[in-house]
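Participant: Sequence and predicted structure, then a few things I'm wondering about:
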Amino acid sequence: MPEPVRVQGRVLETLPNALYSVELESEGRPRVTAHVSGHAGLLRILPGQKVELELSAYDASRARIVGKT
Amino acid sequence: MSVQKSWPELQKMHRACTIVVDTLRALAEAAQPGVTTREMDRIARDRIEKAGARPAFLGYRGYPATLCISVNEEVVHGIPGPRRLAEGDIVGLDLGCVVGGFYGDAARTVCVGRVSEESARLVRVTEEALFAGIAMCQPRNRVGDIGHAVQRHAEGHGYSVVREFVGHGIGASLHEDPQVPNYGPAGRRERLVTGMCLAIEPMLNLGGPEVRVLDDGWTAVTADRSRSAHFELTVAVTDHGPWILSEPYPYAQVAHA
């Protein structure tokens, strides 16, 4: 059973409602809006930080942060 | 970093993988026109339980069945239901089990009755791409070498490689690090070491690489609704080369005596 791909990104800024604007390291440096997944929710996430994300297969502009790197 | 497995642990992986591949063989024979995907799921579950193992996908992140069955434009994670297989369909069967604390995971795409030349070729090239990836499972190679080999083979035949889903390390959990993409440059990502177990699983599309997930939250389909094929095997990296864990150990066993 394949797993959803995880990608690396860098937090640009914090947004309201515990959302973050993140720049992905993949080609074209796309920007996504990300929320923090359950078990990573306790992490303190600051602008400039490198994070690991799972992309949403529903909406390419959204992602969720699953950990720090 | 992936967990390196000991020789006794690899034996347990071998047992789990053998059950999965035996079950897939039975499912391939059962995939005839008129059979429903739910009946296929039943066959899978019965066989796995009869072998003394437990389905690995049932309940995994809320997945509701034993088998993932993905017909034609469905890429992966198709949920069994009332749909009946029809002549000319290509059907992805993805199955996992756990026994003795270790997981086995494998998949293949089968043709129902006679299929078009175009579909048959997609299925054949996807299986070849899997073996191109497996051949890279040598100690000191890197995870990127696997994806590079798969992508080269797939795109060389005019197919596209799905990016959103990837292969994975496997062992005492269904999904372990590292992730194993089916694309990307050679020589990058984690280094392969003896005792690593990887589920390598190319997903190739006849059209573009983009996929969508349906409202059921699982079924991934190609965005352009072109057909897609998927093959997967669990492989251990050994000092002598790749060991496809559903097969007997292929090398002389002196090294482990």
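Facilitator: Ah, there it is. Because the structure is predicted, anything quoted here is derived from the model rather than measured.

Participant: CA atoms for contacts and neighbours, from now on please.
Facilitator: OK.

Participant: Which stretches in chain A count as strands?
Facilitator: Per DSSP state E, chain A carries strands over the ranges A:3-4, A:6-15, A:19-24, A:31-36, A:50-55, A:62-68.

Participant: helices or strands up against the longest one?
Facilitator: What that stands for is strand A:6-15. strand A:19-24, strand A:50-55 (3 or more CA pairs under 8 Å, 6 or more residues apart in numbering or on different chains; DSSP states H and E).

Participant: Mind doing that once more with 10 Å?
Facilitator: strand A:19-24, strand A:31-36, strand A:50-55, strand A:62-68 (3 or more CA pairs under 10 Å, 6 or more residues apart in numbering or on different chains; DSSP states H and E).

Participant: which outside residues touch it?
Facilitator: Contact with strand A:6-15 is made by A:19-26, A:29-35, A:45-55, A:63-69, B:164-166, B:179, B:181, as judged by CA atoms under 10 Å, 6 or more residues apart in numbering or on different chains.

Participant: re the thing from before, is it possible to export the helices and strands packed on strand A:6-15 to a markdown table including mean pLDDT and distance to chain B?
Facilitator: Formatted as a markdown table, those follow (pLDDT from 0 to 100; distance: least, CA to the nearest CA, whole Å):
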| stretch | mean pLDDT | distance to chain B |
| --- | --- | --- |
| strand A:19-24 | 92 | 14 |
| strand A:31-36 | 90 | 15 |
| strand A:50-55 | 89 | 8 |
| strand A:62-68 | 87 | 12 |
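
Participant: Let me know which of the ones you listed is the nearest to residue B:30.
Facilitator: Counting by CA to CA, residue B:30 lies closest to strand A:50-55 out of those; the figure is 35.8 Å.

Participant: how far is the closest one from where the chain is centred?
Facilitator: Computed by CA atoms, centre = their mean, to the nearest Å, the separation of strand A:50-55 from the middle of its chain amounts to 4 Å.

Participant: strands paired with it, and their directions?
Facilitator: The pairing partners recorded for strand A:50-55 under DSSP bridges are strand A:6-15 (antiparallel), strand A:62-68 (antiparallel).

Participant: what is the orientation angle of that strand with strand A:31-36?
Facilitator: Angle between the axes of strand A:50-55 and strand A:31-36 is 90 degrees (criterion: axes from the mean of the first three to the mean of the last three CA atoms, to 10 degrees).
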